[in-house]
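J.: let's see this in three dimensions:
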Amino acid sequence: SQIETAVGWLLQAMPGRFAESELFVQSAYTAVNLLSYYNQLIMDRRTIAGTDASILSRSLDNVHRWLDVIRQIELVIEIAGGRYLGKGKWVLVFIVELIKAILKLLILRQNRMHIVTAPSHTTPPHNNNNTLPLQRPTPVTPARFAGELLHIARPLVHLLAMAACGRKSWVPWLAALGTDVASVALMYPHTQLNKQEQEEMVSRALAWGWYLLRPPMFEQFFVDRARRLAEKLEHL
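T.: Next up is the predicted model:
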């Protein structure tokens, strides 16, 4: 913990071109997060060693850990791809999202088709309620299963639509939002879900707010209007 804090202060105080390098800074912060994750993982394994965890439970935890690690390094991968591959970075991003989707499908299968919650960025699965073992899971219906599949597929749908229509097109934006809305809608009625599953649905619905900051919504409705307002103010 002291080492991680020291590294964090060093990054904030670092001058010159290193501090201005987005890739360097993000890589360093990711390394600190991974170090913290590794330390927590060691403590978690000591705790598990004294329990009678089943092979299936440990296998599920391993999949969660791989998913957690990928989520921690994916931003570095995207930044590095943009710097060294140019537009080819989107192929790399698609591969990362495809791997994440496969891991989530494995969790969905091993977790008996229950809702896959978002993994933590700092702690291993045993400590972050990534699975729903503490509450009785809601019976799986074909509609809920389809909704969970849509939720897992949404990043891939967005990237494929963007590859076909371009980043400035409304098609990827609408395709991703439509997939998200349909996914949550298929989970209704939410009152039949347990508390953890309901919290996950609320979290997914609140995440729709990020669509306001995604292209082309952000550029056309915020950036362009702010630019026009600034031009008018210059002539006053």
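
J.: quick check: Ile73 touching Thr30?
T.: Yes: between Ile73 and Thr30 there is a contact under C-beta atoms under 8 Å: 5.8 Å. For glycine as for every other residue, the C-beta is placed from the backbone atoms N, C-alpha and C.

J.: wait, Val96 sits on Leu75?
T.: No: applying C-beta under 8 Å as the test, Val96 and Leu75 come out as separate, 10.1 Å apart.

J.: those two: which is more packed in?
T.: Val96 (19 against 14; other C-beta atoms under 10 Å).

J.: quick one: which helix or strand includes the residue lying closest to that one once chain neighbours are set aside?
T.: Nearest non-adjacent residue to Val96, counting by C-beta to C-beta, 6 or more residues apart in numbering: Glu74, 5.2 Å away. Here Glu74 sits within helix 55-84, counting by DSSP states H and E.

J.: number of nearby residues for Glu22?
T.: Glu22 - counted by other C-beta under 10 Å - has 12 other residues nearby.

J.: kindly provide the distance from the nearest residue to it once chain neighbours are set aside to Pro142.
T.: Of all residues not flanking Glu22 in the chain, Ile79 sits nearest, at 5.9 Å (C-beta to C-beta, 6+ apart). Separation of Ile79 from Pro142 (C-beta to C-beta, to the nearest Å): 40 Å.

J.: repeat for Glu234
T.: Distance from Glu234 to Pro142, by C-beta to C-beta: 58 Å.

J.: kind regards, and thank you for your time.
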